[in-house]
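Undergrad: heads up, no residue letters with this:
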């Protein structure tokens with residue numbers, strides 16, 4: 001099952017009693033999953049005490065004042081842990097981009113109880129029954145969050161861009177900022193589309209278009225697959241498959257640009273940690289190319305991989321191609337260095353060196369990258385706590401990323417079983433994505449459930465009809481057979 005983004009439903013035809021029973025069974029199954037995976041629960045009292053003290057004591061006094069810049073935030077509906085705020089102003093020769101990132105390092109004392117707990121957690125975890133934050137809410141949704149109308153500490157990246165949105169000048173300043181407005185993706189996209197958007201939002205289509213062209217030039221490839229979301233609904237959940245809005249990609253391009261700049265600064269300075277991914281082995285590429293031919297959507301030798309992915313439509317065959325393509329994006333890792341750069345410096349899907357630096361409220365490694373880049377960009381010594389602990393980060397991030405993946409997949413399996421729990425015997429239409437062992441992986445049309453179907457012998461891209469034989473919410477399993 002593909003990991004979802006959480007923003008999950010019991011079918012309207014189910015009786016209220018049945019819906020209540022299913023919701024209760026699902027809640028118990030999700031709670032049991034957390035226990036099984038040893039998901040962190042409450043913060044230790046000493047970590048909470050440190051966070052509360054930091055929220056009271058840490059000030060913006062003495063920082064450069066950038067409150068006149070009209071920053072805004074763009075996030076999923078209802079977000080309160082706001083890592084980034086953006087301001088984009090078009091100029092005669094291109095644009096000036098300011099990108100403010102929450103100054104989390106100011107609130108976490110190295111070597112303290114809060115530092116130790118965030119290293120144990122590694123990242124914020126998301127589940128249908130609630131998220132598990134990296135930092136106590138007094139910071140993640142309060143003093144460190146770039147909430148509108150409030151003075152906040154931030155690392156402010158400033159990029160002077162040419163007409164192709166290429167950075168020709170980059171600076172990084174630790175400053176005080178004040179975001180003006182908190183936008184959700186749907187509301188911001190509507191404002192762009194109807195012409196009522198403020199200048200920053202109005203300039204985002206230009207920025208996204210030009211950055212997509214720069215990605216094409218450097219050989220990057222974005223696998224834009226529809227996202228599975230689990231939406232709370234009447235005491236239960238429903239599943240939705242969405243492609244989002246264009247602004248989500250444009251906003252992600254701002255983070256990508258910043259992560260690429262951070263990687264360049266650290267490589268020049270000889271110390272830091274990169275997010276890397278090796279290129280796909282030639283044999284895997286040729287196997288993928290053969291699969292595209294078999295599916296009737298051939299990736300021709302003269303075309304670049306990224307261009308090919310961008311050309312795909314939403315047909316059943318294209319869904320299967322994307323499933324195969326996801327298998328080429330493997331081997332992502334964190335590569336720390338102090339002195340000689342790592343042997344592999346490029347994130348192959350991006351097509352350039354890259355670092356995680358724009359989500360410090362939700363991802364541990366970003367705290368290190370921010371303080372290292374700030375020191376290198378401004379001629380300061382890299383903090384010893386950051387330098388000496390770089391080697392610890394790959395294991396921390398690897399362990400917690402595995403936990404996040406297992407929680408995502410396990411929760412989605414249980415929600416899917418709950419959504420289908422009263423529909424045994426019904427027939428569903430689906431698309432075969434790939435062979436899986438002695439069967440096939442199938443994407444149902446409605447609801448958008450992915451299921452392994454034992455014994456199903458059908459080619460990728462084929463449409464099939466399946467009968468639901470049964471479900472087990474506690475185990476997160478569904479059983480289908482070819483109808």
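TA: Structure received. In this text the structure is predicted, and so the values were computed from the model without any measurement.
Undergrad: For residue 482, give its distance to residue 125.
TA: Separation of residue 482 from residue 125 (Cβ to Cβ, to the nearest Å) stands at 36 Å. For the C-beta atoms, the positions are set from N, CA and C on the backbone; glycine is no exception.
Undergrad: Residue 280 now?
TA: Distance check for residue 280 against residue 125: by Cβ to Cβ, it reads 29 Å.
Undergrad: Compare the two and say which is more crowded by neighbours.
TA: Neighbour count, other Cβ atoms under 10 Å: between residue 280 and residue 125, residue 125 has more, with 23 against 20.
Undergrad: Tell me the pLDDT of that one.
TA: pLDDT recorded at residue 125 is 97.
Undergrad: what's near enough to touch it?
TA: With contact taken as Cβ atoms under 8 Å, 6 or more residues apart in numbering, residue 125 is in contact with 39-40, 131-132, 400, 403-404, 407.
Undergrad: Among those residues, which has the minimum pLDDT value?
TA: Across the contacts of residue 125, the member with the lowest pLDDT is residue 131, scoring 94.
Undergrad: can I assume that one is in contact with residue 121?
TA: No - the pair residue 131 / residue 121 is not scored as a contact, 11.5 Å apart, by Cβ atoms under 8 Å.
Undergrad: okay, these two: which has more neighbours?
TA: For residue 131 and residue 121, the more surrounded residue by other Cβ under 10 Å is residue 121, and the numbers stand at 20 against 14.
Undergrad: C-terminal to whichever strand or helix holds residue 182, what's the next element?
TA: With elements delineated by DSSP states H and E, residue 182 resides in strand 167-184, which encompasses its position. Remark: after strand 167-184, the chain's next helix or strand is helix 185-194, criterion DSSP H and E.
Undergrad: What residues of that following helix count as buried?
TA: Residues of helix 185-194 classed as buried under the neighbour-count rule (16 or more other Cβ atoms under 10 Å) are 185, 187-189, 191-192.
Undergrad: and the angle for it with strand 167-184?
TA: On the basis of axes from the mean of the first three to the mean of the last three Cα atoms, to 10 degrees, helix 185-194 is oriented at 110 degrees to strand 167-184.
Undergrad: tell me what helix 185-194 is packed against?
TA: Judged by 3 or more Cβ pairs under 8 Å, 6 or more residues apart in numbering; DSSP states H and E, the packing partners of helix 185-194 are strand 71-75, helix 199-218, helix 246-269.
Undergrad: can you give me the angle the shortest one makes with helix 199-218?
TA: When you say that, I think you mean strand 71-75. For strand 71-75 against helix 199-218, the angle by the same axes, to 10 degrees is 60 degrees.
Undergrad: Next secondary structure element downstream of strand 71-75?
TA: The first helix or strand that comes after strand 71-75 along the chain, using DSSP H and E, is strand 84-91.
Undergrad: Please, where are all the strands along the stretch 301-450 of the chain?
TA: Listed in chain order, the strands of the stretch 301-450 of the chain (DSSP state E, counting those that start in this stretch) span residues 333-338, 346-347, 352-353, 427-436, 439-444, 450-454.
Undergrad: report the longest helix in this structure, please.
TA: Identified as the longest helix of the chain according to DSSP state H is helix 393-419.
Undergrad: want to throw the strands of the stretch 301-450 of the chain into TSV with mean pLDDT and distance to residue 224?
TA: Formatted as TSV, the entries for these read as follows, by pLDDT from 0 to 100; distance: least, Cβ to Cβ, whole Å:
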stretch	mean pLDDT	distance to residue 224
strand 333-338	98	23
strand 346-347	96	17
strand 352-353	98	18
strand 427-436	92	16
strand 439-444	93	16
strand 450-454	93	18
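Undergrad: pLDDT weak spots in this protein?
TA: When residues are selected by pLDDT under 70, those of the chain lie in 1-18.
Undergrad: can you do 80?
TA: Applying pLDDT under 80 to the chain picks out residues 1-20, 222-228, 234-236, 242-243.
Undergrad: circling back: so which of the buried residues of helix 185-194 comes closest to residue 455?
TA: Of all those, the one sitting nearest residue 455 is residue 185; the distance, using Cβ to Cβ, is 41.3 Å.
Undergrad: Hmm, the closest one is touching residue 244, no?
TA: Yes - counting by Cβ under 8 Å, a contact exists between residue 185 and residue 244, whose distance comes to 6.9 Å.
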